[in-house]
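Student: Sharing a model prediction with you, sequence too.
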Amino acid sequence: MTNPGAAALPGQLVVLDTAQALADHVAAWLAERIQKSQAPVRIALSGGSTPRKLYQTLAQAPWNKQIDWTRVHLYWGDERFVPHDDPDSNFHMTNEALLSHIDIPPSNVFPIPGEGDPVVIAERYEARMKADYGTDTLDPEKPFFDVVFLGLGEDGHTASLIPGQPILKEREKWVAAVSEGRPEVRISLTYPALESASVIAFLVTGKGKAEIIKAVREGTTDVPATHLCPHGQVIWFTADGAASPE
Ligand SMILES: O=C(O)[C@H](O)[C@@H](O)[C@H](O)[C@H](O)COP(=O)(O)O
């Protein structure tokens, strides 16, 4: 399949005052989804400062005990290709903020390894996902993920779909290595894998993101985020001036 052109990604807009208000709101929203969903509930996690606050909130009462973590399967939307004890590792951040504080079975947690050959690691992660899904073909009627959490960079990148990189043309593989464009190699889910979600939930805070959020939602820019073709719903959870109420 060819890469479709840039398109608006309006979705539903939720505007909160502060990053902590956003974390509280999304934690409650996620807990309700997990409670209502059939097991396993597959979630793709994102890196970044806003997700960290969400993970810290989920690690505390009431969510740490109220959520049935045995029904939750955690994947990563992208990862820096660094060892897991490196502070830049998204797994490291999530482990510190959330995983080390909750009763989630280790067999439900699928971090992207940060050492070895990045191409092989990407292939293995894709094979893992395919085994979990049960087939090699993503069915729009049967999304892989319940929720994919994504951030949005001021350059319009999301996950590690970085402007100018070959991964932007990748519509076959589910996972790919991104060797240029950032100081370290990245491993990222590709468009088809990220699109295979009941909900794509963007977490975006700060006035610095106001312009790019508006352009992506209205489709007036051609950046990696505007090439997403979600199979399900899109929700923009925003705070700290990233968007104004409509
Ligand atoms: O950092 C990561 O792991 C993600 O690859 C990246 O896509 C991130 O979500 C955006 O850069 C937004 O990050 P902030 O929310 O921290 O601005």
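Tutor: Nice, thanks for sending it over.
Student: So for whichever strand in the chain runs longest, what gets flagged as buried?
Tutor: Counting by DSSP state E, the longest strand found in the chain is strand 197-205. Buried residues in strand 197-205, defined by neighbour count with 16 or more other Cβ atoms under 10 Å: Ala197, Ser198, Val199, Ile200, Ala201, Phe202, Leu203, Val204, Thr205. C-beta: built from backbone N, CA, C; applies to glycine.
Student: Can you list the helices and strands that it packs against?
Tutor: helix 19-36, helix 49-58, strand 145-150, strand 233-239 (3 or more Cβ pairs under 8 Å, 6 or more residues apart in numbering; DSSP states H and E).
Student: So which other helices or strands are in contact with the helix or strand that the first one is followed by?
Tutor: What that stands for is helix 19-36. Downstream of helix 19-36, the next assigned helix or strand under DSSP states H and E is strand 41-45. Packing partners of strand 41-45 (3+ Cβ pairs under 8 Å, 6+ apart): helix 19-36, strand 72-76, strand 145-150.
Student: Need the residues that contact strand 41-45.
Tutor: 30, 33-34, 51, 55, 71-77, 90, 94, 132, 144-149, 189, 194, 197 (Cβ atoms under 8 Å, 6 or more residues apart in numbering).
Student: tell me, which of these make contact with the ligand?
Tutor: Applying Cβ under 6 Å from any ligand atom to the contacts of strand 41-45, one finds that Asn90 fall near the ligand.
Student: what's the spacing between the residue nearest to Ile34 when sequence neighbours are not counted and Glu141?
Tutor: Using Cβ to Cβ, 6 or more residues apart in numbering and skipping the chain neighbours, the partner closest in space to Ile34 is Val41 (5.1 Å). The spacing between Val41 and Glu141, counted by Cβ to Cβ, to the nearest Å, is 18 Å.
Student: tell me which parts of the protein are close to the ligand?
Tutor: 46-50, 78, 90, 151-153, 157-160.
Student: So among those residues, which ones count as buried?
Tutor: 46-48, 50, 78, 90, 151-153, 157-160.
Student: that older thread, show me what the residue nearest to Ile34 is bridged to.
Tutor: Beta-bridge partners recorded for Val41 (DSSP bridges): Val72.
Student: returning to that earlier point: quick one, which of the helices and strands packed on strand 41-45 is packed in tightest?
Tutor: With neighbours taken as mean count of other Cβ atoms under 10 Å, the helices and strands packed on strand 41-45 reach their highest mean count in strand 145-150, at a mean of 26.
Student: Show the average pLDDT along the next helix or strand after it.
Tutor: Under the assignment DSSP H and E, the closest C-terminal helix or strand after strand 145-150 is strand 175-178. Across strand 175-178, the average pLDDT comes to 98.
Student: Likewise for stretch 52-67?
Tutor: Averaged over stretch 52-67, pLDDT sits at 98.
Student: contacts for it?
Tutor: Residues contacting stretch 52-67 (Cβ under 8 Å, 6+ apart): 19-20, 22-24, 26-27, 30-31, 34-35, 45, 93-94, 97-98, 101-102, 149, 203.
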